[in-house]
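# no FASTA, just this:
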């Protein structure tokens with residue numbers, strides 16, 4: 001009589017521990033929200049000038065996401081134009097000086113810059129209100145003629161939008177597609193590309 005009682009007790013203990021595992025393993029509430037971001041360029045100028053494709057080696061997509069408590073009153077386009085092109089997944093970097101020759105005042109914003117590889121990223125953010133602007137930057141293409149020593153082509157450029165306010169909620173996903181057109185663009189012919 002003792003053996004069946006021990007067996008029943010063992011089975012009940014085993015079932016109890018299994019059912020407790022299901023209860024204790026329920027997911028904890030999320031302390032972050034998710035931004036599912038797509039940057040969609042619909043223009044033609046960058047396709048013609050830089051052979052724009054979202055996955056091209058000379059194109060890098062970037063999102064600037066500023067928390068609402070960051071005091072910033074400048075245009076996001078001005079910030080993006082001072083980025084130095086580095087191919088993904090290398091870290092983003094700012095130029096040391098602006099094109100006017102002044103020290104770059106935007107270098108402190110680097111922590112708010114996010115890589116958006118090939119125009120799409122899923123970013124986990126703390127809940128709150130943010131200012132979001134996106135861009136892509138383009139690096140120069142090589143000279144079209146192998147014999148060319150100096151190539152006065154466009155050596156940099158990109159497109160960006162103005163800030164828009166977004167709200168990130170804990171445990172929720174905000175899905176955004178932001179369109180960039182040729183009206184959002186800039187390009188530089190100030191430098192000569194050297195072979």
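Arrived safely. Note that the coordinates shown come from a computational prediction; the quantities given were computed from them, not determined experimentally. Numbering: from 1, shown residues only.
# what pLDDT, on average, does the top strand by length along the chain get?
In the chain, taking DSSP state E as the definition, the longest strand is strand 128-139. Averaged across strand 128-139, pLDDT comes to 94.
# need the helices for this structure, in chain order.
2-24, 45-50, 76-80 (DSSP state H).
# mind listing what's buried along the longest strand of the chain?
Residues 130-139 are the ones in strand 128-139 that count as buried (16 or more other CB atoms under 10 Å). Where C-beta positions appear, they are placed from N, C-alpha and C, glycine not excepted.
# and that strand, what does it pack onto?
strand 33-41, helix 45-50, strand 59-67, helix 76-80, strand 156-160, strand 164-168, strand 173-180 (3 or more CB pairs under 8 Å, 6 or more residues apart in numbering; DSSP states H and E).
# please identify the most buried of these.
Of all those, strand 156-160 has the most neighbours on average by mean count of other CB atoms under 10 Å, namely a mean of 25.
# number of nearby residues for residue 101?
Residue 101 has 6 neighbours, counted by other CB atoms under 10 Å.
# quick one: low-confidence ranges for the protein?
1-29, 99, 142-156, 187-195 (pLDDT under 70).
# repeat that for 50
1, 19-24, 26, 150-151, 189-195 (pLDDT under 50).
# which residues touch residue 62?
Shown in contact with residue 62 (CB atoms under 8 Å, 6 or more residues apart in numbering): 80, 83, 92, 113-116, 134-137.
# the longest strand of the chain pairs with which strands, parallel or anti?
strand 59-67 (antiparallel), strand 156-160 (antiparallel), strand 164-168 (antiparallel) (DSSP bridges).
# could you dump these into TSV and include distance to residue 176?
Below are those laid out as TSV (distance: least, CB to CB, whole Å):
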stretch	distance to residue 176
strand 59-67	10
strand 156-160	15
strand 164-168	7
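# for residue 185, find the nearest of the ones you listed.
Of all those, the one in closest proximity to residue 185, counting by CB to CB, is strand 156-160 (4.2 Å).
# nothing else from me, thank you.
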